[in-house]
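Undergrad: turn this into a model:
(one chain, ligands or ions: 1)
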Amino acid sequence: MAELVVVANRLPVAPATAADGTVTWEASPGGLVTALTPVLLARRGAWVGWPGTRAGVEGEPQAPAEIVTEEGLHLHPVELDGDDYERFYEGFANATLWPLLHGLIVAPRYEGDWWESYREVNHRYALAAAERADHGATVWVQDYQLMLVPGILRQLRPDLTIGFFLHIPFPAPEIFRQLPWREEVIRGLLGADLVGFHLDSCADNFLELCRNIPGHGSAHTGLPDTLEVTGASSVRRATGAVTAPDGRRVRVGSFPISIDSAKVIERAGRADAARVRRLTGDPAVLLAGVDRLDYTKGILRRLEAFEELLATGALDPAETVLVQVATPSRERVADYRRLRAEVEHAVGRINGRFAELGRPVIHYIHRPVAFDRLLELYRAADIMLVTALRDGMNLVCKEYVACHGDASGALVLSEFTGAATELDGAHLCNPHDIESVKRAVMAAVHADPADARERMARMHAQVRDHDVDLWAGAFLEELAAAHAGGGPR
Ligand code: ADQ
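TA: Modelled structure (predicted):
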């Protein structure tokens, strides 16, 4: 039995099938697992999540009941079959909640059978966590796929300390209130002792929503009591608290996530940036974009801004290259298929207009890329373009900044990313406004070298000093205090 259980949509593993058909489950590294591994090992931890293959689907490897990683982490697969995958994952999580919580960039779909599947699958995750958790254990639930889990767990296991962290934005209450099942989702979240967001603004949106839960009298909710910011650190603590329908005080706070900064800095030191510059034809200006191919990331508008800068001669097509890595994502969801077609159409059009033989102006990669290859690209890029229309935090810009400890490079950053509240040396832009994106790119191109170095050095220090360990530690510490003490300190 575990003292600490992490519940996340995915387990940090992926199946690898050898030539003879044997399947092994290999660790898929990421910031979250890196940060949580030491605490999980120290606290007889367990991780509950979906292994990434659909149960009962021919040709997809089936996970065993438990996977123990090389480091000794105990992983407990939750099964999703083909129907669950379509209705819970692609449907309610990614075609209802994802667009709703990102503020309606595309229209959310409200389908009753997706919601039924979401409830049912959330029960499954909660039961799996309840089975693994020791008496009085801590359970940390991650993200929008599992917003009902804290409430279900609270009913199953009142002895637990339960935390919830949302990795994506939380919108203004009037947007969230569109959701036909809003009361149940809010009640689900209020099963936690602590509900965490990246930003104060998201925590405030949630508090505001809770003050006016439709169908609940104000007697059931409380006003936020304090607005507390600890020290100069960007790891903030409880911004407020609300009273759950069962009378418990639930703390609400903001905890901006980060990356494994030391590891990225160390590996970036070995990255062969010259290789990337050579392969892209040694351009005078190398721009880069690295995103999941998702409509929240603003890739299309970014390409259009680049096209206009080439067309007007602000950027010289003979001297400028953009590398756009767009990782395949949610490819069966209609809005993602449409986006891919639009992005690839734009890449073709722009290369058709401006490329020469052997010299495309855009190098487009639609595949996962090994992390060391990404680091090479980050190291090589003169300007990183992070122009998301909305993004909870955005780790790509933090990875880029971590790679520029020598103070080279520049960051063009959307003001609608969480990271914009922390990386104050970026050239900020409004990604909905193509002129603003163009202005930010040209400001980065023409920046005074001393100013550019000072900006990057400031951002590098921020990311170096605020890593994902600090984030995880701050959340878990606040969670323990919330369980012990109720409302904000
Ligand atoms: P994402 O939307 O996935 O995360 P982001 O924070 O930028 O966005 O993280 C992407 C990660 O994937 C980065 O670590 C990046 O290196 C990696 N990656 C991107 N393309 C890749 C490729 N082709 N090959 C390999 N790796 C690739 C969600 C929220 C964010 C929030 C994070 C963490 O949407 O706002 O910052 O969770 O909370």
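Undergrad: how about low-confidence regions in the chain?
TA: Where the chain drops to pLDDT under 70, the residues are 213-238, 486-489.
Undergrad: so what's the spatially most central residue of it up against?
TA: Nearest to the mean C-alpha position of the chain, counting by Cα atoms, centre = their mean, stands H167 at 5.2 Å. Applying Cβ atoms under 8 Å, 6 or more residues apart in numbering, we find H167 in contact with Q142, D143, Y144, H198, I257, G392, M393. Quick note: C-beta positions are derived from backbone N, CA and C, even for glycine.
Undergrad: before we move on, what about R439?
TA: C429.
Undergrad: after the helix or strand it falls within, next one along is what?
TA: Following DSSP states H and E, one finds R439 within helix 434-445. Per DSSP H and E, the first helix or strand lying C-terminal to helix 434-445 is helix 449-465.
Undergrad: what's that next one in contact with?
TA: The contact list for helix 449-465 (Cβ under 8 Å, 6+ apart) reads 234, 258-259, 261-262, 265, 398, 401-402, 404-405, 407-411, 422-426, 444, 447.
Undergrad: cool, stretch 299-310 as well?
TA: Residues contacting stretch 299-310 (Cβ under 8 Å, 6+ apart): 287, 289, 291, 293, 315, 317, 320, 322, 324, 326, 339, 342-343, 346-347, 349-350, 353-354, 361-362, 385, 387, 389, 431-432, 434, 437-438, 441-442.
Undergrad: now, which of the residues you listed lie close to the ligand?
TA: Residues of the contacts of stretch 299-310 in contact with the ligand (Cβ under 6 Å from any ligand atom): none.
Undergrad: helix, strand or coil for the residue of the stretch 101-250 of the chain at minimum distance from the ligand?
TA: Among the residues of the stretch 101-250 of the chain, H167 lies nearest to the ligand; the distance is 3.5 Å by Cβ to the nearest ligand atom. Recorded secondary structure, H167: coil (DSSP: H, G, I helix; E, B strand; the rest coil).
Undergrad: quick revisit: restricted to helices, list the contacts of stretch 299-310.
TA: Judged by DSSP state H, helices contain the following of these: 339, 342-343, 346-347, 349-350, 353-354, 434, 437-438, 441-442.
Undergrad: now those residues in CSV, with neighbour count?
TA: Listed next are these as CSV, based on neighbours: other Cβ atoms under 10 Å:
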residue, neighbour count
L339, 22
E342, 14
V343, 21
A346, 21
V347, 22
R349, 14
I350, 22
R353, 12
F354, 20
I434, 16
V437, 26
K438, 19
V441, 25
M442, 15
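Undergrad: can you tell me which of those residues is nearest P77?
TA: P77 has its nearest neighbour among these in L339, at 30.5 Å by Cβ to Cβ.
Undergrad: relative to H432, how far out is that closest one?
TA: Note on L339: its distance to H432, by Cβ to Cβ, to the nearest Å, is 16 Å.
Undergrad: please apply the same query to D83.
TA: As for D83, its distance to H432 is 37 Å (criterion: Cβ to Cβ).
Undergrad: swap in A474?
TA: Applying Cβ to Cβ, the value for A474 to H432 is 32 Å.
Undergrad: what about R119, distance to T22?
TA: 37 Å.
Undergrad: so which of those two has more stuff around it?
TA: R119 (17 against 9; other Cβ atoms under 10 Å).
Undergrad: contacts only, for the nearest residue to the more buried one once chain neighbours are set aside.
TA: Closest residue in space to R119, ignoring its immediate chain neighbours: L148 at 6.3 Å, by Cβ to Cβ, 6 or more residues apart in numbering. L148 makes contacts with Y118, R119, N122, H123, A126, E184, V185, G188, as judged by Cβ under 8 Å, 6+ apart.
Undergrad: nearest residue to Y144 other than its sequence neighbours?
TA: Distance criterion Cβ to Cβ, 6+ apart; nearest residue to Y144, sequence neighbours excluded, is L97 at 4.9 Å.
Undergrad: surely that neighbour is in contact with P108?
TA: Yes: taking Cβ atoms under 8 Å as the definition, L97 is a contact partner of P108 at 7.5 Å.
Undergrad: give me the more crowded residue out of the two.
TA: L97 (22 against 19).
Undergrad: beta partners for the residue lying closest to L166 once chain neighbours are set aside?
TA: Counting by Cβ to Cβ, 6+ apart, L166 lies nearest to F197, which is 5.4 Å off, once chain neighbours are set aside. Taking DSSP bridges as the rule, F197 bridges to S254.
Undergrad: what's the closest of the contacts of L148 to E79?
TA: E79 lies nearest to H123 out of those, by Cβ to Cβ, at 12.9 Å.
Undergrad: where's that closest one relative to S117, distance?
TA: 11 Å.
Undergrad: quick one, which of the two is more surrounded?
TA: Regarding H123 and S117, a neighbour count based on other Cβ under 10 Å identifies S117 as having more, with 22 against 14.
Undergrad: my reading is that the more buried one lies in a helix. Confirm?
TA: Yes: checked against three-state DSSP, S117 lies within a helix.
Undergrad: that one against A93, yeah?
TA: No: assessed by Cβ under 8 Å, S117 is found out of contact with A93, at 9.7 Å.
Undergrad: ok, now which ones touch the closest residue to D291 other than its chain neighbours?
TA: Nearest residue to D291, sequence neighbours excluded (Cβ to Cβ, 6+ apart): K297, at 3.9 Å. K297 is in contact with D291, T387, A388, L389, D391, counting by Cβ under 8 Å, 6+ apart.
Undergrad: closest to P173 out of the ones in helices among the contacts of stretch 299-310?
TA: Nearest to P173, judged by Cβ to Cβ, of these is L339 at 28.0 Å.
Undergrad: the closest one contacts L293, doesn't it?
TA: Yes: with contact defined as Cβ under 8 Å, L339 reaches L293; the gap is 6.5 Å.
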